[in-house]
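S.K.: Compute the structure for the input listed below.
(2 chains)
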Amino acid sequence: DTEVTQTPKHLVMGMTNKKSLKCEQHMGHRAMYWYKQKAKKPPELMFVYSYEKLSINESVPSRFSPECPNSSLLNLHLHALQPEDSALYLCASSQDGLAGLYFGPGTRLTVT
Amino acid sequence: GEDVEQSLFLSVREGDSSVINCTYTDSSSTYLYWYKQEPGAGLQLLTYIFSNMDMKQDQRLTVLLNKKDKHLSLRIADTQTGDSAIYFCARSGTGANNLFFGTGTRLTVIP
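M.R.: From the prediction side, this is the model:
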């Protein structure tokens, strides 16, 4: 299995809602990532988990809360988001970072 | 990051070669990468090159690295309409746990 899966594909939520994005990989990769991508821009790193521990948090607002329940799963919990948080949220995994990151298809999030 | 730059657009005719260029300023990167992103999709890792190499070929793809000039290029031979996409170059961070992406080049293949 050489893919990263993400659910849901699309999500529309209000500013008072709580929702979660899910990501799964079965490649045995030890690092997992959340990136945010706005239209016509490159992806921006949000969080990195290495061996199930949060190793990088790129000063992301607390309304985004990551969770790594085990080495195959990565969640992103969303609460009280703003319309400007609307974007494509990409999950990725890697074995050691050097041989490249493998990305999932993304969740297209719209905050109304 | 802002230190990885690409031209925004490239148009080529089907069957021609495409060359997508990338420049970067941080020479400490160990690996450099090329990713492809089709509309509404995630990023697909196409190829990568170790910083002590100057060329890597993989089927229709050729990567050239000029470390002295901090210039990376991706050549796609016999470009097809299915190659139309945004291509991102990226460099590894010093911690090897992050990638710094370029601005992306939108390749349009004209039939």
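
S.K.: Please confirm that A:E84 is located within a strand.
M.R.: No - per DSSP: H, G, I helix; E, B strand; the rest coil, A:E84 lies outside any strand segment and is helix.

S.K.: Provide a list of residues in contact with it.
M.R.: Taking Cβ atoms under 8 Å, 6 or more residues apart in numbering or on different chains, we find A:E84 in contact with A:V111. No exception for glycine: its C-beta is placed from N, CA and C like everyone else's.

S.K.: what's the pLDDT at it?
M.R.: Per-residue pLDDT puts A:E84 at 96.

S.K.: Tell me the buried residues in stretch B:87-101?
M.R.: Neighbour-count burial for stretch B:87-101 flags B:87-93, B:96-101 (criterion: 16 or more other Cβ atoms under 10 Å in any protein chain shown).

S.K.: which residues does the residue positioned nearest the centre of chain A contact?
M.R.: For chain A, the residue nearest the mean C-alpha position is A:W34 (3.2 Å; Cα atoms, centre = their mean). Residues in contact with A:W34 (Cβ under 8 Å, 6+ apart) are A:23, A:45-47, A:64, A:66, A:74, A:76, A:89-91.

S.K.: Go through the residues you listed and name the one nearest B:D54.
M.R.: A:L45 (28.4 Å; Cβ to Cβ).

S.K.: what does chain A have sitting close to chain B?
M.R.: A:4, A:6, A:31, A:40-43, A:45, A:48, A:50, A:55-56, A:90, A:92, A:96-106, A:108 (Cβ under 8 Å from any Cβ of the partner chain).

S.K.: Mind doing that once more with 7 Å?
M.R.: Within chain A, the residues that sit near chain B (Cβ under 7 Å from any Cβ of the partner chain) are A:31, A:42-43, A:45, A:48, A:50, A:55-56, A:90, A:96-106.

S.K.: Can you select the buried ones among these for me in PyMOL?
M.R.: Here is the PyMOL command that selects the buried residues among the residues of chain A next to chain B (16+ other Cβ under 10 Å):
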select buried, chain A and resi 31+42+43+45+48+50+56+90+97+100+101+102+103+104+105+106
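
S.K.: Just the ones of the residues of chain A next to chain B in strands?
M.R.: Of the residues of chain A next to chain B, the ones assigned to strands by DSSP state E are A:31, A:45, A:48, A:50, A:55-56, A:90, A:102-103.
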